[in-house]
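Q: sequence unknown, structure follows:
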């Protein structure tokens, strides 16, 4: 018998000073049994960092032909494709041909090996924004996960601050090919 997904109720108080986005976001997110808490954290960070009104979670790991999040236009075109994890370079190259913008939140324990193998192949994807998170940062946030997630996320001057209860987590955040 298959294990059910774990359901998380998420509230993110977003203050993205750099983009001028100030929102209180509410979402219900399912974590597939094969998905780690670290990957769930990376998906939630992607949701906060690239939030716009039409951004939606997809079926994720359950649907191999969809990204983790996306924005689709009224005509069905994919305007923003957001992938989380360490996908094959070919998947990102293909999404770059079909979406106006592609974001890859590269995170995972094998990030260093993935970069050596796949990063050179992605140099030609001109509509790609690549963000790398330090695994220790992701793991620290994952350790705080509860079925009811309440984060205050602030992005200012290239810094990312996340308040969870009485704890504050911070890292440098830069778009492009910079390490986060």
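A: Here it is on my side, so go on. For clarity, every value in this text was computed on a predicted model and none was experimentally measured.
Q: Quick one: residues contacting the residue nearest to the spatial centre of the chain.
A: In the chain, the residue lying closest to the centroid (Cα atoms, centre = their mean) is residue 46, at 2.6 Å. Going by Cβ atoms under 8 Å, 6 or more residues apart in numbering, residue 46 touches 68, 69, 82, 84, 103, 105. C-beta coordinates here come from the backbone N, C-alpha and C atoms, glycine included.
Q: switch the cut-off to 6 Å
A: Neighbouring residues of residue 46 by Cβ atoms under 6 Å, 6 or more residues apart in numbering: 69, 82, 84, 105.
Q: out of those residues, which are buried?
A: 69, 82, 84, 105 (16 or more other Cβ atoms under 10 Å).
Q: Phi, psi for the third one please.
A: Looking back up the chat, that one is residue 84. phi -120, psi 140 (degrees, to the nearest 10).
Q: Who does it form a beta bridge with?
A: residue 105 (DSSP bridges).
Q: my guess is it meets residue 42, correct?
A: Yes: shown here, residue 84 and residue 42 form a contact pair, counting by Cβ atoms under 6 Å, at 4.6 Å.
Q: which residues do the two both contact?
A: residue 105.
Q: Could you find which two of the buried ones among the contacts of residue 46 are furthest from each other?
A: 69 and 105 (9.5 Å; Cβ to Cβ).
Q: residue ranges for the helices of this structure, please.
A: 37-49, 89-98, 111-118, 135-142 (DSSP state H).
Q: any idea of the mean pLDDT in the first one?
A: Going back to what we said before, that points to helix 37-49. What helix 37-49 shows for mean pLDDT is 96.
Q: where do the strands sit along this protein?
A: Taking DSSP state E as the criterion, the chain contains strands spanning 6-16, 21-31, 56-57, 69-72, 78-85, 99-106, 128-132, 148-156, 159-164, 167-172.
Q: can you redo these as JSON lines with distance to residue 117?
A: Listed next are those as JSON lines, based on distance: least, Cβ to Cβ, whole Å:
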{"stretch": "strand 6-16", "distance to residue 117": "31"}
{"stretch": "strand 21-31", "distance to residue 117": "27"}
{"stretch": "strand 56-57", "distance to residue 117": "28"}
{"stretch": "strand 69-72", "distance to residue 117": "25"}
{"stretch": "strand 78-85", "distance to residue 117": "14"}
{"stretch": "strand 99-106", "distance to residue 117": "12"}
{"stretch": "strand 128-132", "distance to residue 117": "14"}
{"stretch": "strand 148-156", "distance to residue 117": "30"}
{"stretch": "strand 159-164", "distance to residue 117": "27"}
{"stretch": "strand 167-172", "distance to residue 117": "24"}
